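Visitor: predicted model follows, preceded by the sequence.
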Amino acid sequence: MPDSAGPEYAFLKGHGTENDFVLLPDHDGSVHGDLSAERVRALCDRRAGIGGDGVLRVVRESDLWFMDYRNADGSVSEMCGNGIRVFARHLVEEGLVDPSQPIPIGTRDGVKTLLVDGDLITADLGEPTVLGESKVAVPGHAWVARHVDMGNPHAVAFVDSLDDAGNLLAAPEHDEATYPHGVNVEFVVRRGDRHVAMRVHERGSGETRSCGTGAGAVMVAAAVADGALSSDGGPPAEDVAYRVDVPGGTLTVTWTAGNRILLTGPAVVVARGVTDL
């Protein structure tokens, strides 16, 4: 059962390429400091709650805004590429940051810097880690997948058709030794030169309409397969950008010569209100 009804508190609803979130303003940490998994599940419930792929608690820690991100099942996650852009949009709209300047935001994967350019927001996701290969499977299909760490784990599988992944109601099978804490699984097809499309099953949330760190992992896996790395196996010698289509829209991912992954896409806040969930 959800937490017992209590005092009303504010919430907002936002999304980045239809990867949607409940935002909880908690600037001094006094309202939701004890945010429970049960409460997160109630907020994210699409029939009995507000509905979302996760919850973003907006809290001030020292001199930095911190994104306390929880998956829809209540589990804690290190990072969320779409969520952090929605988080930044909220800060801008509330006048809490200067949109003409880089915006640093704390996460469990360290401080990320964001830039606002009108409707688009670019998040520096940091340095990718390209690891070995693993295997993922759904009923009737199995693939070799590229293991890419974007601060959270991803398994990227190139497939003949995105329909091959099925309905993704259940998490794809994966190598539990490689991913002891679970993994985000991306299924990818090529659409053209430096242009791919993906579906994703997010750890703790199920299939979502988009995944920002997943788009980053997909771009990295595609660029590695395309031979975009420098001759010594390091990052590309010059910036390389890919278009990544997701069910909820389009993202642009750039792998810089400085070995940073930049995720660019829209982020909007669509509703606000109060709840006692």
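Guide: Structure's in. What do you need? Since the model is a prediction, treat every value here as computed from it, not as a measurement. Numbering: from 1, shown residues only.

Visitor: next one: phi and psi at the closest residue in space to A267 that isn't next to it in sequence?
Guide: Using CB to CB, 6 or more residues apart in numbering and skipping residues adjacent in sequence, the residue nearest A267 is R85, 3.7 Å away. C-beta coordinates here come from the backbone N, C-alpha and C atoms, glycine included. According to degrees, to the nearest 10, the main-chain angles of R85 amount to phi -70, psi -40.

Visitor: please name the residues that touch R85.
Guide: For R85, the contacting residues are 16, 114, 121, 123, 212, 263, 265-267, by CB atoms under 8 Å, 6 or more residues apart in numbering.

Visitor: top of the residues you listed by neighbour count?
Guide: G16 (32 neighbours; other CB atoms under 10 Å).

Visitor: tell me the contacts of it?
Guide: Per CB under 8 Å, 6+ apart, neighbours of G16: 81-83, 85-86, 210, 212, 265-268.

Visitor: look at the residue sitting nearest the centre point of the chain and report its pLDDT.
Guide: Geometric centre of the chain, nearest residue: C80, 3.2 Å, by CA atoms, centre = their mean. We note a pLDDT of 94 for C80 in this prediction.

Visitor: next: the one 3 residues further on.
Guide: Note on G83: pLDDT of 97.

Visitor: under the pLDDT cut-off, which ranges of the stretch 51-200 of the chain? List them.
Guide: Across the stretch 51-200 of the chain, nothing is flagged by pLDDT under 70.

Visitor: quick one: the strands in it, in order.
Guide: 54-61, 64-71, 103-107, 110-117, 120-124, 129-138, 141-149, 153-158, 173-174, 184-192, 195-202 (DSSP state E, counting those that start in this stretch).

Visitor: CSV please, covering those and showing distance to A222.
Guide: Shown next, in CSV, are the strands of the stretch 51-200 of the chain (distance: least, CB to CB, whole Å):
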stretch, distance to A222
strand 54-61, 26
strand 64-71, 26
strand 103-107, 25
strand 110-117, 22
strand 120-124, 19
strand 129-138, 12
strand 141-149, 9
strand 153-158, 8
strand 173-174, 20
strand 184-192, 7
strand 195-202, 5
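
Visitor: deepest of those, which one?
Guide: Comparing the strands of the stretch 51-200 of the chain by mean neighbour count (mean count of other CB atoms under 10 Å), strand 153-158 ranks first with a mean of 26.

Visitor: could you dump that one to PDB, C-alpha only?
Guide: The C-alpha trace of strand 153-158 is given here as PDB (Å, rounded to 0.1, in the frame of the first residue of the first chain):
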ATOM      1  CA  PRO A 153      25.700   0.300 -17.000                       C
ATOM      2  CA  HIS A 154      24.500  -0.200 -20.600                       C
ATOM      3  CA  ALA A 155      24.400  -3.200 -22.900                       C
ATOM      4  CA  VAL A 156      24.000  -2.100 -26.500                       C
ATOM      5  CA  ALA A 157      22.800  -4.700 -29.000                       C
ATOM      6  CA  PHE A 158      22.600  -4.000 -32.800                       C
END
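
Visitor: quick one, domains of this protein?
Guide: The chain breaks down into these domains under automatic domain parsing: 9-122+267-275, 129-259.

Visitor: and the shortest one, how far from the chain's centre?
Guide: Taking the mean C-alpha point of domain 9-122+267-275 and that of its whole chain, the gap between them comes to 11 Å (CA atoms, centre = their mean, to the nearest Å).

Visitor: what strands line up against the strand or helix carrying A241, and which way round?
Guide: Using DSSP states H and E, A241 sits in strand 240-246. In the sheet, strand 240-246 lines up against strand 195-202 (parallel), strand 249-255 (antiparallel) (DSSP bridges).

Visitor: buried stuff in the helix or strand that the first one is followed by?
Guide: Once the chain leaves strand 195-202, the next helix or strand it forms, by DSSP H and E, is strand 206-208. Buried residues in strand 206-208, defined by neighbour count with 16 or more other CB atoms under 10 Å: 206-208.
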